[in-house]
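Undergrad: From the sequence below, what's the structure:
(chains A and B)
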Amino acid sequence: MGSLDLGLVLKIERGSIYDGPGLRTVVFLKGCPLRCKWCSTPESQSYRLEKGYRAKYCILCGKCAAACTQGAICLAEDKLKLNSQLCIGSLNCVRACPRGALEVYGNLMSVDEVMQVVLKDEVFFFHSGGGVTISGGEVLLQSDFSRGILKAARGLGINTAVETSLYGDYSQVDKILPWVDFLYVDLKHMDSDQHLKWTGVDNVSVLDNVKKADASVYQFDLYLRIPLIPGVNDDDDNLAAAAAFSSQLAKLAAIEILPYHRLGVKTYQKLGREYELKDLRPPTHAHVMERVSYLAQLVPTIKVGAGGGDYIN
Amino acid sequence: MNRRVALLKEETLTTKPYISTERAELMTLFYQSGQGSFSAPMQRALAFKFLLENKAIYLGEGELIVGERGPAPKACPTYPELCCHSLEDLELLNSREKVPYAVSAETRRIYKEEIIPFWRGKSMRDRIFSRMSHEWLAAYEAGVFTEFMEQRAPGHTVLDDKIYRRGLLDFKQDIATSLASLDFLEDPDAYAKSEQLKAMSICVDAIIMYARRHAAAARALAQTETDPKRRAELERIADISTRVPARAPRDFWEALQAYWYVHLGVITELNTWDSFNPGRLDQHLYPFYRRGLEEGTLTRAQAKELLQCFWIKFNNQPAPPKVGVTAEESGTYTDFANINLGGLQPDGSDGVNELTYLILEVIDEMRLIQPSTNAQVSHKSPDRFLKAVCRVIRKGWGQPSIFNCDTIIAQLLRQGKSVQDARCGGASGCVEVGAFGKESYILTGYFNLVKMIELALNNGVDPRTGAQLGPATGDKFTSYDQVFTAFKQQLEHFITIKIKGNNIIERMFAAYMPSPFLSVIIDDCIKKGQDYNDGGARYNTTYIQGVGLGSATDCLAAIKYQVFDQENLSLNQMLAALRNNFAGYEDIRQLLLNKTPKYGNDDVYADLILTSIFDAFYAAVEGRQNTKGGVYRINLLPTTCHVYFGSVIGATPDGRRAWQPLSEGISPVQGADRHGPTAVIKSAAKIDHIRTGGTLLNQKFSPQTLAGEEGIERLAQLVRSYFTLGGHHLQFNVVDGATLRAAQEEPDKHKDLIVRVAGYSDYFCDLNRDLQNEIIARTEHSVF
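TA: Residues are numbered from 1 along each chain as shown, chains lettered A, B, ... in the order given. Down below sits the predicted model:
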């Protein structure tokens, strides 16, 4: 397959317990068409290599500035100043940094290279029923690459999961579906205008793709996930609409409500970006459980849970 | 737990350890009385008898299992024939901040006037140090290795099921048979054997007499006891102590008490390392438990209460007071009695039974640092067992640890044990394997692997003192292989010094300090007419314990990667940075810390170096002859020695600052493992565990990670995975860093915080600051 086999990977995390059954290796891809305001991995959004700077770790040794051929880095009093206008994207500075205070987000990898990492945890998959999960960014943006990983994993008897927004053309969805055992789809908002407002794109193709995937001939378990963002999508109307939508789906295994959290805020700082939801507080546990109960009573035949934990119904 | 147990627990937790002169005084009296005409085993047997005839009998209020090593709970005897403490030692024991033992003015007076004048210069400790070579003493003082026998006797063994099937009078009969079959015509050792066997016989009588002294005391108490319930208990204790250990126990209570008398015998005879323990307790007691329930003479609640009373007994016996390097390498009150649960039965079937689960409840409720406990998990062990174990582990106080039963069996088989002996074996102390009831597996001292690298980089000179400590192995390195060769030469040089010393010490114990009582209960001492300390056991293994494998790996990986492969710095630059403890070289330190392959990340580059160090250590030690017909082997564990060994090493190529702790066991350097527990497990499993006698892997989890049933399942799966890959042992701390830091700030509010150290649990506030910091620095996994 040569260079066409390459994909842009953000990172590979081993031993995850939140992205499907068992202990899983999660391949995070880089590049996403959505811009969810609550996104906790902003470094996964751009389909380019990006540099991050952790001022806390910087020892101000100046090695990065010396390595930069463009004069894009200068030392300020207690941290570096990075001039993104002058930066041409060379990685000299990242390489020169002794402590990893400068890091690069994104890594071009082949399917084989990804599989080499995935296979390291085969014994844990065996004992836990785990496998590989491809997550985003957005999987559909790299559907050929994703298909390559999923197909290779399936061929080795490793189960597969995909976490996606399903935003995009169904032809991309169709490429991966034959090789997926567990499909996790985010329902960020049931109202298309609100979806557009909070994520930057409408939900027309999302809902359409869920229905088509559900009606497809392929065998997989479908999970819908609702990121519970207070004041955005936690109202009765949105949950009722999600319930109505879910009731039509044949492959649906469960609905999971994932409470909003702020773990990604620091990454915005590293990227030099602003986090828009400055004042939004995570929902209380009681509120989350109340919302889960509300949704559960609307869909009494469907499993509903919070954060991948214990299910109601 | 009921009121009785709660009161006994309160007593054992609140009573502070103190030095009792009882044993030292009796020992002195005995030796002063002119017993010089006897052979060594007879002398020791008569001394043992004299102790048990004259030591005070303690029967505590409400106790169901009776007998104390000292005159009361937490009263610690001393062993002047092994180590005669000086007045300065006593002052230090009394006043040191961590692990103190109270010393009264009267104790000091007795030591000054009676003990020290008699024993000074005569103790084993004095004899050993005066007999060691200059090179041995120089290496010892430089912190190259430690010496386990310099103030404690060889022990390192565990009991099997023999005392539950037969009484000690039956053993006495065996001894008589063995004596009768001695061939004074053909066997030049027949006389020595006869002395040994007679000594064993005296010890059997002595321990039976000691139990019956308890019977008499209990009967006397019963006569004045006004509470009819307690009176009945005391009468029962009297009956039991009349019966056992002379004859085989008939029920659950008798079985526990029989073991306890034997235990007291072992730890009174000598201060053996790694307190003796009953080993596979759930299997040994199960027949009594089942029969009691069937016959209606025992309830589950009664069995639990008896077990809890039994647990208290272990906690009442802190480790004998340690000073000097021994206190550094093993700075704890714990004496490493390590009870095994689960595993396999002798016929290879699953060993888990209903009593196993009951004992897990006892462990959970008692929450004592002694006895230590572990679960042997085989591929046949049910998930229910492993998950029940994980549920106790999740409580966060480090017990029980988990062993791979299948690997233990493979280790013992590789060493030449029979399959049945291997299945009846297990782990004791921290992680050491042995054939229970049949093996003397003596740990002789920790060995500082990282110091070998420091010496190799400095042409054999110890930078701390400037002395030429090791051989001059060169200082002009043009390849990594040359560095590694120098490391190997240093290693082989000092292992040889250590073994030469060991062989002398082994003979000294055989000649001067036999243990005829211990010999009664370890096969095949009676059959061979030979002492436990002289090769009488069926299997005789001598161990040297490597410390700092993770640190050593990261050091050599840094040299190979940064100096020779990537050429990011010259060796001279690196050495200059180390000499200056990285002052002015922070960029180099960061490079070494952050951009260098590290062990614990499932990284082939580092892990190949790991196995090369392992192979070098193995080759230097494995198979060399000891003086008891057995051979040397390795294991990898540190107790607290990684802190001591770090304190004698300057800055190292892995970015570690001078005098800081080394990595512990086979765990990665604290904080160097950055890819989660699955990567640690993959790296650690690359060691060939079967060629060791035990390895120790610590993992630390945040409590949230193990929440819910899901957390238990994942933990169990992680364990199964490590064991599928052949790993030997895993233990867990489930505690967050904030709690540990808060305990450092306000120890009074965290007095009951127990953590896993290395092969044992201890009160966090009893650990010295360096060790506390080391535990905080360990990577806390928040994912799997």
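Undergrad: Give the burial count for residue 298, as a bare number.
TA: Using chain A. Other residues lying near residue A:298 total 17 when counted by other C-beta atoms under 10 Å in any protein chain shown. Placement of C-beta: from N, CA and C, glycine included.
Undergrad: wrong one, I was asking about chain B
TA: Neighbours around residue B:298, by other C-beta under 10 Å: 19.
Undergrad: show me the contacts for residue 172.
TA: I'll assume chain A. A:140, A:143 (C-beta atoms under 8 Å, 6 or more residues apart in numbering or on different chains).
Undergrad: wrong chain, I was asking about chain B
TA: By C-beta under 8 Å, 6+ apart, residue B:172 lies in contact with B:201, B:204, B:205.
Undergrad: who wins for most neighbours among the residues you listed?
TA: Neighbour max across these (other C-beta under 10 Å) = residue B:204, 26 neighbours.
Undergrad: how far does whichever helix or strand residue B:545 is part of sit from the chain's center?
TA: Per DSSP states H and E, residue B:545 falls inside strand B:539-547. Chain-centre distance of strand B:539-547: 12 Å, with C-alpha atoms, centre = their mean, to the nearest Å.
Undergrad: who are the neighbours of it, in terms of helices and strands?
TA: Secondary-structure packing of strand B:539-547 (3 or more C-beta pairs under 8 Å, 6 or more residues apart in numbering or on different chains; DSSP states H and E): strand B:432-434, strand B:439-448, helix B:449-457, helix B:480-512, strand B:631-635, helix B:641-646.
Undergrad: who does the helix or strand just after it touch, helix- and strand-wise?
TA: Counting by DSSP H and E, the next helix or strand C-terminal to strand B:539-547 is helix B:549-558. Counting contacts by 3+ C-beta pairs under 8 Å, 6+ apart, helix B:549-558 packs against helix B:449-457, helix B:480-512, helix B:604-621.
Undergrad: Turn those into TSV, including distance to chain A and mean pLDDT.
TA: Below are the helices and strands packed on helix B:549-558 laid out as TSV (distance: least, C-beta to the nearest C-beta, whole Å; pLDDT from 0 to 100):
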stretch	distance to chain A	mean pLDDT
helix B:449-457	21	98
helix B:480-512	21	98
helix B:604-621	10	98
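Undergrad: So for residue A:280, which of those helices sits nearest?
TA: Closest approach to residue A:280 among the helices and strands packed on helix B:549-558 (C-beta to C-beta): helix B:604-621, 42.5 Å.
Undergrad: Give the burial count for residue 135, as a bare number.
TA: Picked chain A for this. 24.
Undergrad: ah, no, chain B please
TA: 16.
Undergrad: Can I take it that it is in a helix?
TA: Yes. The assignment for residue B:135, made by DSSP: H, G, I helix; E, B strand; the rest coil, places it in a helix.
Undergrad: count of residues packed around the residue of the stretch 101-250 of chain A found nearest chain B?
TA: Nearest residue of the stretch 101-250 of chain A to chain B: residue A:128, at 3.9 Å (C-beta to the nearest C-beta). For residue A:128, the neighbour count with other C-beta under 10 Å is 24.
Undergrad: Look up the closest residue to it, ignoring the ones flanking it.
TA: Nearest non-adjacent residue to residue A:128, counting by C-beta to C-beta, 6 or more residues apart in numbering or on different chains: residue A:22, 3.4 Å away.
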